[in-house]
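K.L.:
Here is my input; please provide its structure:
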Amino acid sequence: MTSLAELSNPMTPLLSIITPTYNHRKFIGACIETVLAQTYSHWEQIIIDDGSTDETAEIVSRYNDPRIRYFYQKNQGIEALAHTYNKAIEMAQGDLIAILEGDDTWPTDKLEKMVPAFSNPNVVLAYGEMREIDPNGKIAVGTSDTSRKRRKLPDGVLFNRPVPTAARYMLTVHGHSLIPASTAVMRRSALETIGGFQYIPNQCYVDFPTFIELVFQGEFFYTPEIVGYRRLHSASATVRHTTRMTAIAREHLSILLSDPRFGLTPADRQAIEVDWLPVTWGQEFALGRLCLLEGRWVESRTHFVNALNLTDLRVTAGSIAGWVFSWFQHDLENLFELAGRASLKGDS
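P.N.:
Residues are numbered from 1 along each chain as shown. I've put the predicted structure just below:
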């Protein structure tokens, strides 16, 4: 734990954790406990409840720690998430800002590993590797394609050095996920310079639009260690709003491709647009997987057929398996577990 002497040291700055939550009664307790267990203790957690109708507030009230601050607001919806984040920044007292959504968790030494990076005044954002967890908290063994690609990137991209080396890569499909939100810690002054978390109309997430602006503000710090866990469950925004999130992301991308700050040539823009073409197939597979889980067998087959392609053989193989499983009225979640990935089951 951080000692009292260390807390008065400028090398141990106060870190404000922003935790948006909505109907997370099954997960908010684990989220808070993972913060309380941090080996770096100079933090505050600002929990903003976006109009939960379950027992979220009751569960939060059980944690009697002055560093935890709970605020309830009338439901604003997932599209207003940037406004909720910025409301939290106004309440925050820390020089560093971290994101921890109400259904996600951290390893206990996450802050201890990340905070020292900001002793370098050039660093505006620190991040690392992420693992998926299922609704019951079981950690996936397997790594994602994005994670495998990230570990092969040159240091210039990983650390955004010199600024803004990471910019072009961040426009690609896998580059959009260069910085897993559950791992990110940001310098508050840099966030304020860009006007806080970025609002994109109708968009369900704020991490990428904000990170792509921070790429022009300073260097990044990257650690190959796991410093965040993202929970997969059937009610999560990532699962429920995948089609809309992808569509708005493509619209936002078209604007960014014309932004002179990126210095893209026509060939660069074309290559990035081609890189995004397979996204639709993965999206269709994800929707088919959700349909299986919810027993919508006929609808799932339509999505799996739409996901068939010769570019990504794993998506194709998974789609064929999903199509076959639908006839036996069975989902794919056991196969995901066998492959070391997080299952969507367990949150019923």
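
K.L.:
Tell me where the chain has strands.
P.N.:
Using DSSP state E, the strands found in the chain span residues 15-21, 43-50, 68-73, 96-99, 123-133, 185-187, 219-231.

K.L.:
low pLDDT regions in the protein?
P.N.:
1-11, 236-244, 347-348 (pLDDT under 70).

K.L.:
Without its sequence neighbours, what residue ends up closest to the residue nearest in space to the middle of it?
P.N.:
Centroid-nearest residue in the chain: A181, 3.4 Å away (criterion: CA atoms, centre = their mean). Closest residue to A181 apart from its sequence neighbours, by CB to CB, 6 or more residues apart in numbering: D207 at 4.0 Å. Bear in mind the C-beta positions are built from the backbone N, C-alpha and C, glycine included.

K.L.:
which residues touch the one you found?
P.N.:
Neighbour list for D207: 99, 179, 181, 184 [criterion: CB atoms under 8 Å, 6 or more residues apart in numbering].

K.L.:
again, 10 Å this time
P.N.:
By CB atoms under 10 Å, 6 or more residues apart in numbering, the contact set of D207 is 81-82, 85, 99, 176-177, 179-182, 184, 197-198.

K.L.:
Most neighbours of all these, which one?
P.N.:
Most neighbours among those, by other CB atoms under 10 Å: I179, with 28 neighbours.

K.L.:
May I have the phi/psi pair for it?
P.N.:
As for I179, its main-chain torsions (degrees, to the nearest 10) stand at phi -110, psi 100.

K.L.:
What count of nearby residues applies to the nearest residue to it once chain neighbours are set aside?
P.N.:
Spatial nearest neighbour of I179, excluding adjacent residues (CB to CB, 6+ apart): Y127 at 4.5 Å. Other residues within reach of Y127, judged by other CB under 10 Å, total 25.

K.L.:
I figured Y127 hits M170, correct?
P.N.:
No: shown here, Y127 and M170 do not form a contact pair, counting by CB atoms under 10 Å, at 12.0 Å.

K.L.:
list the residues that contact both of those two?
P.N.:
178-179, 211.

K.L.:
Now M245: closest residue in space that isn't a chain neighbour?
P.N.:
C204 is the one closest to M245 (CB to CB, 6+ apart), at 5.0 Å.

K.L.:
do you know how far that neighbour is from T143?
P.N.:
Going from C204 to T143 by CB to CB, to the nearest Å gives 25 Å.

K.L.:
can you check T302 too?
P.N.:
Taking CB to CB as the measure, T302 falls 30 Å from T143.

K.L.:
which residues does the residue nearest to D331 when sequence neighbours are not counted contact?
P.N.:
Leaving out its chain neighbours, the residue that sits closest to D331 by CB to CB, 6+ apart is L292, at 4.1 Å. Taking CB under 10 Å, 6+ apart, we find L292 in contact with 299-301, 303-304, 322-323, 325-326, 329-333, 344.

K.L.:
Check the gap between the nearest residue to I226 once chain neighbours are set aside and Q270 for me.
P.N.:
Leaving aside its chain neighbours, I226 sits nearest to E129 (4.9 Å; criterion: CB to CB, 6+ apart). Separation of E129 from Q270 (CB to CB): 31 Å.

K.L.:
For these two, indicate the residue with more neighbours.
P.N.:
Per other CB under 10 Å, whichever of E129 and Q270 has more neighbours is E129, with 18 against 12.

K.L.:
for that one, what are its contacts?
P.N.:
Contact partners of E129, counting by CB under 10 Å, 6+ apart, are 143-144, 147, 150-151, 180, 183, 222-228.

K.L.:
most surrounded residue in those?
P.N.:
T183 (28 neighbours).

K.L.:
State the distance from the residue lying closest to it once chain neighbours are set aside to Q270.
P.N.:
In space, and not counting its chain neighbours, T183 is closest to G228: 3.7 Å by CB to CB, 6+ apart. G228 is 34 Å from Q270, where distance means CB to CB.

K.L.:
And for R148?
P.N.:
The value you get for R148 to Q270, if CB to CB is used, is 25 Å.

K.L.:
again with Y229
P.N.:
When distance is defined by CB to CB, Y229 is 37 Å away from Q270.

K.L.:
now swap in P180 and tell me
P.N.:
28 Å.

K.L.:
and if you look at D145?
P.N.:
23 Å.

K.L.:
Ok, P224 next?
P.N.:
32 Å.

K.L.:
how about the helices in the stretch 151-300 of the chain?
P.N.:
155-158, 167-170, 188-193, 207-214, 237-240, 242-256, 266-275, 279-293, 297-307 (DSSP state H, counting those that start in this stretch).

K.L.:
how about TSV for those helices, with distance to L14 added?
P.N.:
Listed next are those as TSV, based on distance: least, CB to CB, whole Å:
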stretch	distance to L14
helix 155-158	27
helix 167-170	29
helix 188-193	10
helix 207-214	20
helix 237-240	29
helix 242-256	32
helix 266-275	39
helix 279-293	38
helix 297-307	46
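
K.L.:
highest average neighbour count across these?
P.N.:
Greatest average neighbour count among those goes to helix 207-214 (a mean of 22), per mean count of other CB atoms under 10 Å.
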